[in-house]
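Student: Prediction below, plus the sequence it came from.
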Amino acid sequence: MAGIGFELKKLFSRKGLMATVRAYSYATMVCAGPMLLGFLLLLAAMLMADASGAARHDRELLVTMLTHALLASLVVTSLFSMLTTRFCADMIYEKRYDAILSSFYGSLWIMLLLGGVGYGVFLYFSGVALLYRVLSFLLFMILIVVWTEINYLTMLKEYRSILLAFAVSVAAALLLGALFLWVFRIEAVTALLVAITVGYAIMCIWYFVLIYRHFPESFGTSLRFLQWFDTTPQLGFTGFLITLGLFGHLVIMWWASRLQVQVEGLFYGAPTYDVPAIFAFFSILITTVNFTTSVETRFYPRYKEYFSLFNDGGSIESIQEAENTMTQVLSEEMGYLCVKQIFSTLLFIILGTILLPVLPLGFNSEMLRIFRTLCVGYAFYAVGNSLLLVSQYFADLKGALLDALVFAVAANGFTLIFSLFVKAFYGFGFLIGSALFCLCAYLRLCAYLRRLKYNVLSRQPMFAGNRKGCFTRLADRLDIRAARVQKRRREYQENPEQKEESL
């Protein structure tokens, strides 16, 4: 992400209001595009359904189906998001650009297969109308593709095209929804499900064209990225656990709290909790953008200089001096990030308390209390997640996995306890879990940095290992098979008569 930060930093250096707005728009899309897009369309669907005069049951069913598709698709894509990011970074470093597109295909078809089967079974027994099940399934599958594409688009640095595709897709979804609702008078659930699915489909095709245009095709196996499960298995689990901690409290509130609402069949929701959570989530955007555009871009040069000294024959004094400078810059930037997040959280709490009751969303005193609590919880999460990413910079993958595990277990565990036994404190389960996550990430990073030279030099294996894991062996066999197919295809192309005889 540091390379992206440097590119975004150039945009922020330009003067003028429009240049600043453009830079923040690009940075927000790159750093928080998936969740921001999902929540914006979810909020728009709520407002449009309410404006069209749809029945309360229809509005709740629409929001619940959209929420289930969004969260389920984000959980599925989290299995490979960090792993494929690491794989692509290594391929770029080795200048093996042809391996990037194949990893996109490979990870995508695995996620579509696993997610399609799992979510398809859920929809089959969901108890809603057949049309709703089909539309929900299509939306879910398209969402998996879009989230995966956004993960790869960060490498392109074509921010204008990315933002244009985002704007066109959202505009198309909203215009199509308005057309279905007020011109063709289609009932609200079908109209908005179709509109949002079409909007995401436009984005899916647009983003695929961008990716396909920049990365060459390869003839090797598309599952080579699975080899990174053998070398860095912690990345896959870390991404999944972070997503589980971030969204698990919502699912628990649907199924185990007094706020639970059975909308229809297996579709449950908790609007009193979900709506405040959507607005509270936006309070971390400033920190998310700032981490990439400020923390990483100031920290990375010092980080690179420090580790270069080990390879370039730096003296002990120069290494120690570089280490002190690096840790000082990191400490300063993380301090600034915390201050900005505190300011953002206070601003959201104050403005939300004033403005949210005015919106036609039915905010009451309990929803406002949940909103304030979750704002604080998301603040702890934003800082903790930034500390976790810094730990991954130093290759402390086990530490990052431990942090993510603490977050997932604590946030969901305390949410379950509060939802069952302490009903007056909804939202505090996620807050406590996020606070423990932040504390654990901070203590782990500090302990790692205190023994940085030992961790860099003495904890590494003395000899390079030659053992191949099951995923590496699988990728090797598939590569041999792909090479055989490629050779046969080349022979057919060079000798068409042989091809006809074989047929």
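Tutor: Nice, I can see it.
Student: For the top helix by length along the chain, name the packing helices and strands.
Tutor: Ranked by residue count under DSSP state H, the longest helix found in the chain is helix 316-355. Here helix 316-355 touches helix 271-281, helix 285-290, helix 296-311, helix 365-393, helix 452-453, going by 3 or more C-beta pairs under 8 Å, 6 or more residues apart in numbering; DSSP states H and E. Heads up, the C-betas are built off the backbone N, CA and C, glycines and all.
Student: Columns mean pLDDT and distance to Leu250 on top of the ones you listed, output as JSON lines?
Tutor: Listed next are the helices and strands packed on helix 316-355 as JSON lines, based on pLDDT from 0 to 100; distance: least, C-beta to C-beta, whole Å:
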{"stretch": "helix 271-281", "mean pLDDT": "90", "distance to Leu250": "6"}
{"stretch": "helix 285-290", "mean pLDDT": "81", "distance to Leu250": "19"}
{"stretch": "helix 296-311", "mean pLDDT": "85", "distance to Leu250": "29"}
{"stretch": "helix 365-393", "mean pLDDT": "94", "distance to Leu250": "10"}
{"stretch": "helix 452-453", "mean pLDDT": "90", "distance to Leu250": "38"}
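Student: Which of the ones you listed sits closest to Leu226?
Tutor: Leu226 lies closest, by C-beta to C-beta, to one member of the helices and strands packed on helix 316-355: helix 365-393, at 19.7 Å.
Student: Name the next helix or strand following the closest one along the chain.
Tutor: Using DSSP states H and E, the helix or strand that follows helix 365-393 in sequence is helix 397-421.
Student: which outside residues touch the helix or strand following that following helix?
Tutor: Note on helix 397-421: by DSSP H and E, the next helix or strand toward the C-terminus is helix 428-450. Here helix 428-450 makes contact (C-beta atoms under 8 Å, 6 or more residues apart in numbering) with 245, 249, 252, 327, 373-374, 376-381, 383-385, 387-388, 390-391, 394, 396, 399, 402-404, 406-407, 409-419, 422, 455.
Student: Can I have the buried ones of those as a ChimeraX selection?
Tutor: Listed next is the ChimeraX selection for buried residues among the contacts of helix 428-450, using 16 or more other C-beta atoms under 10 Å:
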select :245,249,252,327,373,374,376,377,378,379,380,381,383,384,385,387,388,390,391,394,396,399,402,403,404,406,407,409,410,411,412,414,415,416,417,418,419,455
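Student: any idea how far Asp90 lies from Phe471?
Tutor: 15 Å (C-beta to C-beta, to the nearest Å).
Student: Name the residue in those two with the higher neighbour count.
Tutor: Neighbour count, other C-beta atoms under 10 Å: between Asp90 and Phe471, Phe471 has more, with 18 against 15.
Student: ok, and the closest non-adjacent residue to that one?
Tutor: In space, and not counting its chain neighbours, Phe471 is closest to Leu226: 4.1 Å by C-beta to C-beta, 6 or more residues apart in numbering.
Student: How about Met48?
Tutor: Gly177 (5.6 Å).
Student: For the one you found, the count of nearby residues, please.
Tutor: Per other C-beta under 10 Å, the neighbour tally for Gly177 reads 26.
Student: With Val209 instead?
Tutor: Based on other C-beta under 10 Å, the number of other residues close to Val209 is 12.
Student: gap between it and Ile144?
Tutor: Applying C-beta to C-beta to Val209 and Ile144 gives a distance of 18 Å.
Student: and if you look at Arg224?
Tutor: Between Arg224 and Ile144 the distance is 20 Å, computed by C-beta to C-beta.
Student: And for Arg56?
Tutor: Plainly put, Arg56 is 30 Å away from Ile144 if you go by C-beta to C-beta.
Student: So between the two, which is more surrounded?
Tutor: Remark: of Arg56 and Ile144, Ile144 carries more neighbours, 23 against 11, as counted by other C-beta under 10 Å.
Student: show me what contacts the more buried one?
Tutor: Ile144 makes contact with 73, 76-77, 108, 111-112, 115, according to C-beta under 8 Å, 6+ apart.
Student: Just the closest of these to Arg477, please.
Tutor: Closest to Arg477 out of the contacts of Ile144 is Leu108 (21.0 Å), distances taken as C-beta to C-beta.
Student: Please, which helix or strand holds the closest residue to that closest one other than its chain neighbours?
Tutor: Nearest residue to Leu108, sequence neighbours excluded (C-beta to C-beta, 6+ apart): Thr148, at 5.4 Å. Using DSSP H and E, Thr148 sits within helix 130-153.
Student: average model confidence for that helix?
Tutor: For helix 130-153, the mean pLDDT works out to 93.
Student: Can you give me the buried ones in the helix or strand following that helix?
Tutor: Of the helices and strands lying after helix 130-153 in sequence (DSSP H and E), the nearest is helix 159-182. Buried residues in helix 159-182, defined by neighbour count with 16+ other C-beta under 10 Å: 159, 161-163, 165-166, 169-170, 172-174, 176-178, 180-181.
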